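[1] Generate coordinates for the sequence data below:
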Amino acid sequence: MAKHGKKYMAALAKVNIDELYMPVDAINLVKETAVTKFDATVEVHLRMGLDPRQADQQVRDVVVLPNGLGKTVRVAVFAQGEGAVAARAAGAEVVVDDDETFARIQGGWLEFDVAIATPDLMGKVGRLGRVLGPRGLMPNPKAGTVVPASDIARAINEAKAGRVEFRLDKTANIHVQVGKASFPSDKLLENFAVLMEAIKKARPSGAKGFYIRRITLAATMGPGIKVEPNAAQNMQADE
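    Predicted coordinates:
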């Protein structure tokens, strides 16, 4: 069992590990138990009642959090011609429309957080799968990161505003960031509510029984705080 420091143990002492907290109480407790010197990220961990091996029980979608993630999102765009022009005009940090930049990325240069591509370049981008895939950076239509040139600006703006992707992993869990511990409680709660609404809407056709089994909130390196699942699923974004 991993040993924890004094700060973590002091934070853990504030949490009743057997209690299912109401969403607002859980958010307040997450802020109170953030133990890092830096501004911790607040994460939502969901244990789903799904079988990841079944094609009709997959969950993958995107949601734009109304209050963002509290960090600068660096965007790379794979586009040519008018798409590249639109990407630069919309503030993309990296525009990959030349062989030199493509080769740098192929060699492992990944100084960006989100990758967007136009459909005509996906054949070429596919060759970067071994580099982009493991980092979760491969453009994908379901994630809203493969778009026509006319939609480049919107996709970049959404990425920078706080668009996050959520997906079921191989262990039937979903992990999503919803902001920083420094956010006011109401802003974190609003982000959390919008995320939960999106996950409810993404319920797959093959889901049976309990869709969401367990919800835990935690700040980076902080203790997990269990949230009452029904209350979380019935939050209103304007609470």
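[2] show me where pLDDT drops low in the chain?
    1-3, 236-239 (pLDDT under 70).
[3] per-domain residue ranges of it.
    Here the domain parsing of the chain from automatic domain parsing is 6-69+163-233, 75-161.
[4] where do the strands sit along this structure?
    41-48, 60-64, 75-78, 94-96, 114-117, 163-167, 173-180, 212-219, 225-227 (DSSP state E).
[5] Turn the ones you listed into a markdown table, including distance to E190 and mean neighbour count.
    No exception for glycine: its C-beta is placed from N, CA and C like everyone else's. Converted to a markdown table, the strands of the chain look like this (distance: least, CB to CB, whole Å; neighbours: other CB atoms under 10 Å):
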| stretch | distance to E190 | mean neighbour count |
| --- | --- | --- |
| strand 41-48 | 12 | 21 |
| strand 60-64 | 12 | 17 |
| strand 75-78 | 24 | 26 |
| strand 94-96 | 31 | 21 |
| strand 114-117 | 22 | 26 |
| strand 163-167 | 14 | 19 |
| strand 173-180 | 9 | 21 |
| strand 212-219 | 14 | 20 |
| strand 225-227 | 15 | 23 |
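[6] what about those, which gets the closest to F102?
    strand 94-96 (5.6 Å; CB to CB).
[7] helices or strands up against the closest one?
    Where contact means 3 or more CB pairs under 8 Å, 6 or more residues apart in numbering; DSSP states H and E, strand 94-96 is packed against strand 75-78, helix 82-89, helix 99-106.
[8] Residues contacting it, please?
    74-79, 84, 87-88, 101-102, 105, 111-112 (CB atoms under 8 Å, 6 or more residues apart in numbering).
[9] ok, now stretch 152-161?
    Against stretch 152-161 from outside (CB under 8 Å, 6+ apart): 64, 68, 73, 75, 77, 79, 83, 86-87, 89-92, 113-114, 116, 118, 144-145, 147.
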